[in-house]
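*Asks:* Quick check, what structure comes out for this input:
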Amino acid sequence: SALLTLLMDRLVTPGQQLGLTSECSPGPGTYARGTRVYASLVGLKTLEQQPDKLPVVRVQAVGERQLVVPEVGSVVTCTISSVNPRFAKADIVCVGSVPLKDSFRAMIRVQDVRATEKDKVEIYKSFRPGDVVLARVLSLGDARSYFLTTAENELGVVYAMSVAGAPLIPLNWCEMECEKTGAKEARKVAKVVPTL
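*Replies:* Here you go, the predicted model:
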């Protein structure tokens, strides 16, 4: 197909000559040696035109994940790593629907679990290690760490395993039931809105 031919024309391998330094300037994924520009990785070649300057040639790695970082207000998917009475520690693995190359550390404090009756919140009845949680970034902490909130109906636990090792099925906003044993476990459950 024409698309395949186009991709094959653009697909380059390390050491492949991309042009001369008199025709283009080396960008990410390339290097110049003498008067020639070469690819430094396997990927797709692109030429970016610049006003009054030489075009920049760059190579983007095939399958490279988008470089996104959590920002204040972003909805993120995270996995709970540990819990204590004051907060749950988590690792952010997705921002929106984009998976991250490296996870970011985060924390859900007891006061940020839900919007009502904040003084009655118990972390152990909200999250357990291994839970997959949908949360919103509240603020940036320190050293690549973020503060998250689940104080919205659509935020909270979206996937969890029971003590018996079976998936938990949401019953309401604060309880889930073991698929295997029928035992109930407390969680801050996300109200999943079906996508039509």
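
*Asks:* rest of the way, CA atoms for contacts and neighbours
*Replies:* OK.

*Asks:* so residue 42 makes contact with residue 15?
*Replies:* No: between residue 42 and residue 15 there is no contact under Cα atoms under 8 Å: 9.5 Å.

*Asks:* When those two are compared, which one has more neighbours?
*Replies:* residue 42 (17 against 14; other Cα atoms under 10 Å).

*Asks:* quick one: contacts for the closest residue to that one other than its chain neighbours?
*Replies:* Spatially, and ignoring its direct neighbours in sequence, residue 42 is nearest to residue 13 (4.4 Å; Cα to Cα, 6 or more residues apart in numbering). Listed by Cα atoms under 8 Å, 6 or more residues apart in numbering, the contact partners of residue 13 are 39, 40, 41, 42, 43.

*Asks:* which sections of the chain are below the confidence cut-off?
*Replies:* 1-9, 62-67, 142-144, 192-196 (pLDDT under 70).

*Asks:* What's the separation between the residue nearest the centre of the chain and residue 15?
*Replies:* Relative to the mean C-alpha position of the chain, the nearest C-alpha, by Cα atoms, centre = their mean, is the one of residue 94, at 1.9 Å. Separation of residue 94 from residue 15 (Cα to Cα, to the nearest Å): 34 Å.

*Asks:* Kindly list the longest strand within the protein.
*Replies:* strand 98-109 (DSSP state E).

*Asks:* So which bits of it are buried?
*Replies:* 99, 100, 103, 104, 105, 106, 107, 108, 109 (16 or more other Cα atoms under 10 Å).

*Asks:* Quick one: distance of it to the chain centre.
*Replies:* 7 Å (Cα atoms, centre = their mean, to the nearest Å).

*Asks:* Strand partners (parallel or antiparallel) of that strand?
*Replies:* strand 87-95 (antiparallel), strand 145-149 (parallel) (DSSP bridges).
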